[in-house]
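>>> Coordinates for the following, if possible.
(one chain, ligands or ions: 1)
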Amino acid sequence: MQFEETPLKDCFLITPQVFEDHRGIFLETYHKKKFFEATGIDVEFVQDNQSVSRRGVLRGLHFQRGEFAQAKLVRVIYGEVMDVVVDLRPESPTFKKSHHLILNDKDHQQLYIPQGFAHGFLTLSETSVFSYKCDRFYKPGEESGIIYNDPDLAIAWGMKEEEFILSEKDKILPTLKASFS
Ligand SMILES: Cc1cn([C@H]2C[C@H](O)[C@@H](COP(=O)(O)OP(=O)(O)O[C@H]3O[C@@H](C)C(=O)[C@@H](O)[C@H]3O)O2)c(=O)[nH]c1=O
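Residues are numbered from 1 along each chain as shown. Predicted coordinates for the structure are as follows:
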């Protein structure tokens, strides 16, 4: 299992060791001790989530407010997505910076997203199965976000905007400037 900090502070790309034999493959998807030794982050995950999406579905960019902020460990079990994170921690050297990368069921890479980030993903394959761990419980009413096509972030999602399928709440999320001026 390899850990590499992304251009965003405290946000890590994790590449598992994949063991392949005549039966198929095996990989560790989470190892608390290895995670701590590599990152120095002592996180306790309390909720696991899974979503299934079809091509063009864009979920995000989401976060929970204040004390309900969630760190997440995200991965793709099936298919391929463009995953996007934004550092929204005013005290961070990478405040208001975004990072995007492909996650898929071939590389099995994972992204550790600290508290104080917004997160979203776009499904590039016909279907995706997305799985993630969170260190705080879901808190309805404390959800917030940044609009996917924020002019300052100008995220390269890798697909034409006309093809995006969004929830009604994600269509009306505020801009970065409106929330963090
Ligand atoms: C996130 C979540 C949703 N729900 C419910 C609320 C709602 O009725 C239904 C769908 O919720 P949403 O539309 O918010 O689901 P979704 O748009 O997939 O939200 C997720 O997006 C990605 C990008 C994230 O990073 C996650 O933290 C989460 O915000 O599931 C839960 O019961 N528990 C949860 O933890």
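>>> Would you tell me what the next helix or strand after the helix or strand residue 48 falls within is?
Per DSSP states H and E: residue 48 is located in strand 47-54. Once strand 47-54 ends, the next helix or strand along the chain (criterion: DSSP H and E) is strand 58-64.
>>> so that following strand versus strand 47-54, what angle?
Angle, strand 58-64 to strand 47-54, by axes from the mean of the first three to the mean of the last three Cα atoms, to 10 degrees: 160 degrees.
>>> So what sits opposite residue 86 in the bridge?
residue 98, residue 118 (DSSP bridges).
>>> which residues does it contact?
Neighbouring residues of residue 86 by Cβ atoms under 8 Å, 6 or more residues apart in numbering: 61, 96-99, 117-119, 146, 153, 176. In this view, the C-beta of every residue, glycine as well, is placed from N, C-alpha and C.
>>> near the ligand too, which of those residues?
residue 119 (Cβ under 6 Å from any ligand atom).
>>> Now the contacts of residue 86 in JSON lines, please, with extra columns for neighbour count and pLDDT.
Output for the contacts of residue 86, formatted as JSON lines (neighbours: other Cβ atoms under 10 Å; pLDDT from 0 to 100):
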{"residue": "61", "neighbour count": "26", "pLDDT": "98"}
{"residue": "96", "neighbour count": "16", "pLDDT": "97"}
{"residue": "97", "neighbour count": "16", "pLDDT": "98"}
{"residue": "98", "neighbour count": "23", "pLDDT": "98"}
{"residue": "99", "neighbour count": "19", "pLDDT": "98"}
{"residue": "117", "neighbour count": "28", "pLDDT": "98"}
{"residue": "118", "neighbour count": "23", "pLDDT": "98"}
{"residue": "119", "neighbour count": "21", "pLDDT": "98"}
{"residue": "146", "neighbour count": "28", "pLDDT": "98"}
{"residue": "153", "neighbour count": "20", "pLDDT": "97"}
{"residue": "176", "neighbour count": "19", "pLDDT": "97"}
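>>> which residues of this structure fall in helices?
Listed in chain order, the helices of the chain (DSSP state H) span 32-39, 168-171, 176-179.
>>> Who are the packing partners of the longest one?
This points to helix 32-39. The helices and strands touching helix 32-39, judged by 3 or more Cβ pairs under 8 Å, 6 or more residues apart in numbering; DSSP states H and E, are strand 2-5, strand 12-15.
>>> what's near enough to touch the closest residue in space to residue 54 that isn't next to it in sequence?
Nearest residue to residue 54, sequence neighbours excluded (Cβ to Cβ, 6 or more residues apart in numbering): residue 127, at 5.8 Å. Shown in contact with residue 127 (Cβ under 8 Å, 6+ apart): 52-55, 78-79.
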